[in-house]
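**Q** Kindly return the folded structure for what I paste below:
(2 chains)
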Amino acid sequence: EAQVTQNPRYLITVTGKKLTVTCSQNMNHEYMSWYRQDPGLGLRQIYYSMNVEVTDKGDVPEGYKVSRKEKRNFPLILESPSPNQTSLYFCASSRGQGGGATNEKLFFGSGTQLSVL
Amino acid sequence: GEDVEQSLFLSVREGDSSVINCTYTDSSSTYLYWYKQEPGAGLQLLTYIFSNMDMKQDQRLTVLLNKKDKHLSLRIADTQTGDSAIYFCAESFSGGYNKLIFGAGTRLAVHP
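**A** Numbering: from 1, shown residues only, chains lettered A, B, ... in the order given. Predicted coordinates for the structure are as follows:
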């Protein structure tokens, strides 16, 4: 089954304790992205990757890191989490760059609810 | 910059039609999308429309696009309780890579 898998689904942590949210897709997609969802703000892009070893900042990258060592995995790293990073996080992937709706169609993971105390 | 705006809430009676509206700013967007988010789940693509089309119909869903006013709407006919969800409008960023700009989402509540 084609899917984007995120782990964990729920995470409660304390300020300053490094954490990683994993994301894996089994569709051989080139493009992967992380979003955070906050009430009234919709989805805002944190980082994206157009292929292995190619990553770039989205709209709200401060306080986050990513890596893309393999095509299928795109972990999100919070080196020193703060309470303002409490949010619902989504990983998404798509086939490729441009070329229309088929390539642009995003497949989303089920989300990771993060609480930083 | 790019911006997509939607109203935050819509409440309809079961069996009625729902109309969710969206305005966007990037007139060079190639595609415009509607995503649906059910409780506790990620977003799923519901439908999309190419920017040179005015209307697209897909079973109970009708998408209307007014390019002049940069207005997009999603009409759901015969709304059912299973349609209760958050609906996100999104435009494709014209900057040359896969980026969708999402609205804040419209929470649709369907009541008996």
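
**Q** show me where chain B has helices.
**A** Counting by DSSP state H, chain B has no helices at all.

**Q** Please identify the residues of it in proximity to chain A?
**A** Within chain B, the positions near chain A by C-beta under 8 Å from any C-beta of the partner chain are B:4, B:8, B:30-31, B:33, B:35, B:40-45, B:48, B:50, B:88, B:92, B:96-100, B:102-105. C-beta: built from backbone N, CA, C; applies to glycine.

**Q** Can you select the buried ones from these in PyMOL?
**A** To isolate the buried members of these in PyMOL, using 16 or more other C-beta atoms under 10 Å in any protein chain shown:
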select buried, chain B and resi 4+30+31+33+35+42+43+45+48+88+92+98+99+100+102+103+104+105
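
**Q** Looking at the residues of chain B next to chain A, which are in strands?
**A** Judged by DSSP state E, those include B:4, B:31, B:33, B:35, B:43-45, B:48, B:50, B:88, B:92, B:100, B:102 as members of strands.

**Q** Just the pLDDT at residue 96, thanks.
**A** I went with chain A, as the question did not name one. With respect to pLDDT, A:G96 scores 72.

**Q** that's the wrong chain, I meant chain B
**A** pLDDT, read off for B:G96, is 54.

**Q** Can you find the residue of chain A that comes nearest to chain B?
**A** A:F108 (3.2 Å; C-beta to the nearest C-beta).

**Q** In contact with the spatially closest residue to that residue that is not a sequence neighbour, which residues?
**A** Residue nearest to A:F108 in three dimensions, not counting chain neighbours: B:G42, with 3.2 Å by C-beta to C-beta, 6 or more residues apart in numbering or on different chains. By C-beta atoms under 8 Å, 6 or more residues apart in numbering or on different chains, B:G42 lies in contact with A:4, A:90, A:92, A:108-111.

**Q** Just the ones in strands from these, please.
**A** Using DSSP E, these in strands are A:4, A:90, A:92, A:108.

**Q** Count the residues that sit near the third one.
**A** What that stands for is A:A92. For A:A92, the count of nearby residues is 27 (other C-beta atoms under 10 Å in any protein chain shown).

**Q** Could you do the second one as well?
**A** The number of residues packed near A:F90 is 24, by other C-beta under 10 Å.

**Q** ditto for the last one
**A** Other residues near A:F108 come to 22 when the count uses other C-beta under 10 Å.

**Q** cool, and B:W34?
**A** Count around B:W34 with other C-beta under 10 Å applied: 23.

**Q** For the residue most central in space within chain A, which residues are in contact?
**A** Residue closest to the average C-alpha location in chain A (C-alpha atoms, centre = their mean): A:W34, at 2.5 Å. By C-beta under 8 Å, 6+ apart, the contact list for A:W34 reads A:23, A:45-48, A:58, A:64, A:66, A:74, A:76, A:89-92.

**Q** One more pass at 6 Å, please.
**A** A:46-47, A:76, A:91 (C-beta atoms under 6 Å, 6 or more residues apart in numbering or on different chains).

**Q** what about the nearest residue to it once chain neighbours are set aside, how many neighbours?
**A** Among residues not flanking A:W34 along the chain, A:I46 sits closest, at 4.3 Å (C-beta to C-beta, 6+ apart). If you count neighbours by other C-beta under 10 Å, A:I46 ends up with 25.
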